[in-house]
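**Student:** I would like the atomic coordinates for the input below:
(one chain, ligands or ions: 3)
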Amino acid sequence: MIEVLTFPLKISECICLLYVFVIFANASEEKDCGCGKNLNRQRLEESSCPVDNEDILDDELFKPIYKTDLTAKMVEIKGGSYFIGTNAPFFVADGEGPRREVELNSFYIDKYEVSNADFSKFVKATEHKTEAEKFGDSFVFEGLLSDTVKNEIKEVVAQAPWWLPVKQAAWNRPEGSDSNISDRMDHAVVHVSWNDAMAYCKWLGKRLPTEAEWEVTCRGGLNDRLFPWGNKLLPNNEHRTNIWQGEFPVNNTAEDGFIGTNPVTHFPPNDYGVYNIVGNVWEWTSDWWMTDHTSEKQINPTGAPSGSDKVKKGGSYLCHKSYCYRYRCAARSQNTPDTSAGNLGFRCAVSA
Ligand SMILES: [Ca+2]
Ligand SMILES: [Ca+2]
Ligand SMILES: [Cu+2]
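**Tutor:** Ligands and ions are numbered 1, 2, ... in the order given. Modelled structure (predicted):
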């Protein structure tokens, strides 16, 4: 039975003017991810910027959500033994291996990525300000920007020049000041940090999935396959997910139908009934990043006990095999919890 809990939501009201975009250029690392793993927002003075300290919700604003509503648009994944990881890692340094057994309790996970319509309800109810809004900018892939916005930008990200820090880019203005979401309310929300994602899930009495839960969901009951539907990227020559076709980063032919995000109900679900778990947008998980996984069986693993980065999974509409072959269930990447970008979203889970 799921208990209905009232979570006092926290948010920092801290006005943090000092921050830098930190780009890690690690020569020993394999090819830079086209999808933003090296983009991170990092505060210069952590101590002056506490995260999560003040209530943003009046108790009155919180409407208790009961189990029937809570698990609508979710699927139940039965507790039991599953395998995650791979013994044929493509990015060894990412910690994709080894293939290992996990034992999980039953949980529910959202069928769909959280959409703009979903997130706008949250913002209306709670007046939540996302970290992108508080910092005043977020990362956008340059190919999606208008010339006007592009011409205003001076900074360049050394290892990934196709990412631009765009003033005023946020969940409701995904490409900056001259953009909006009115024609894509059913698309996955983006420019949400891990902290924003946590706040959203908590508001609904949910939480983020652990990486193990996410990956078990991704695999859809199949045994050691690359993708949620099997090993062939295009079964029967059909696109099953939104990634990049053409030459990254210069020519996006959008053969899958989408240059940017897609509606969260688009493309067929996997055998668990879960949509877009790879591709479309990266999805935050609750785990702190680590790469040295034991091959021993783990029970309800939750990642590293602490860290600086959170694990994100599934890849995005910017992933191409030549740069960022990360639209596989075993693939993973990382960002700091306050980072946001135009290809990074989430879905929620809840224990059964
Ligand atoms: Ca695409
Ligand atoms: Ca996804
Ligand atoms: Cu990628």
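
**Student:** which stretches in this structure count as helices?
**Tutor:** Under the criterion DSSP state H, helices of the chain are mapped to 67-70, 116-126, 131-135, 147-151, 194-203, 211-219.

**Student:** next, see if the fifth one gets close to ligand 2.
**Tutor:** The reference is to helix 194-203. No: with Cβ under 5 Å from the ion as the criterion, ligand 2 is not reached by helix 194-203; the gap is at least 12.8 Å. Just so you know, the C-beta spots here come from the backbone N, C-alpha and C atoms, and that holds for glycine as well.

**Student:** what is the rounded mean pLDDT of that helix?
**Tutor:** Averaging pLDDT along helix 194-203 gives 97.

**Student:** ok, back up a step: including distance to ligand 1 and mean neighbour count, could the helices of the chain go into a markdown table?
**Tutor:** Listed next are these as a markdown table, based on distance: least, Cβ to the ion, whole Å; neighbours: other Cβ atoms under 10 Å:
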| stretch | distance to ligand 1 | mean neighbour count |
| --- | --- | --- |
| helix 67-70 | 32 | 13 |
| helix 116-126 | 18 | 17 |
| helix 131-135 | 23 | 22 |
| helix 147-151 | 21 | 13 |
| helix 194-203 | 23 | 24 |
| helix 211-219 | 19 | 25 |
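
**Student:** of the ones you listed, give the one that comes closest to ligand 3.
**Tutor:** Minimum separation from ligand 3 across those (Cβ to the ion) falls at helix 211-219, 15.0 Å.

**Student:** how far away is residue 39 from residue 298?
**Tutor:** 30 Å (Cβ to Cβ, to the nearest Å).

**Student:** ah, wrong one, I meant residue 321
**Tutor:** In terms of Cβ to Cβ, residue 321 sits 30 Å off from residue 298.

**Student:** quick check: closest non-adjacent residue to whatever residue of the stretch 1-150 of the chain ends up closest to ligand 2.
**Tutor:** Closest approach between the stretch 1-150 of the chain and ligand 2, counting by Cβ to the ion: residue 113, at 5.4 Å. Excluding its sequence neighbours, the residue lying closest to residue 113 (Cβ to Cβ, 6 or more residues apart in numbering) is residue 188, at 4.0 Å.

**Student:** ok, that neighbour - how many residues close by?
**Tutor:** For residue 188, the count of nearby residues is 32 (other Cβ atoms under 10 Å).

**Student:** then residue 296?
**Tutor:** Residue 296 has 7 nearby residues by other Cβ under 10 Å.

**Student:** so who does the nearest residue in space to it that is not next to it in sequence touch?
**Tutor:** Among residues not flanking residue 296 along the chain, residue 100 sits closest, at 7.3 Å (Cβ to Cβ, 6+ apart). When contacts are counted by Cβ atoms under 8 Å, 6 or more residues apart in numbering, residue 100 touches 83-85, 293-298.

**Student:** from those, list the buried ones, please.
**Tutor:** 83-85, 293, 298 (16 or more other Cβ atoms under 10 Å).

**Student:** do the longest strand along the chain and ligand 3 meet at all?
**Tutor:** When the chain is parsed with DSSP state E, its longest strand is strand 282-288. No: counting by Cβ under 5 Å from the ion, ligand 3 has no neighbours in strand 282-288; the shortest distance is 7.5 Å.

**Student:** only alpha carbons, please: show that strand as PDB.
**Tutor:** Only the C-alpha atoms of strand 282-288 are listed here, as PDB (Å, rounded to 0.1, in the frame of the first residue of the first chain):
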ATOM      1  CA  TRP A 282      17.800  12.300 -21.100                       C
ATOM      2  CA  GLU A 283      16.200  11.400 -17.800                       C
ATOM      3  CA  TRP A 284      17.500  12.100 -14.300                       C
ATOM      4  CA  THR A 285      17.800   9.300 -11.800                       C
ATOM      5  CA  SER A 286      18.200   9.500  -8.000                       C
ATOM      6  CA  ASP A 287      21.700   7.900  -7.900                       C
ATOM      7  CA  TRP A 288      24.900   9.700  -7.300                       C
END
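
**Student:** tally of neighbours for residue 156?
**Tutor:** Residues near residue 156, counting by other Cβ under 10 Å, number 13.

**Student:** and what of residue 306?
**Tutor:** Neighbourhood size, residue 306 [other Cβ under 10 Å]: 7.

**Student:** which residues does the closest residue to it other than its chain neighbours contact?
**Tutor:** The shortest distance from residue 306 to any non-neighbouring residue, by Cβ to Cβ, 6+ apart, is to residue 288 (5.8 Å). Residue 288 sits next to 303-307, 309-311 when contact means Cβ under 8 Å, 6+ apart.
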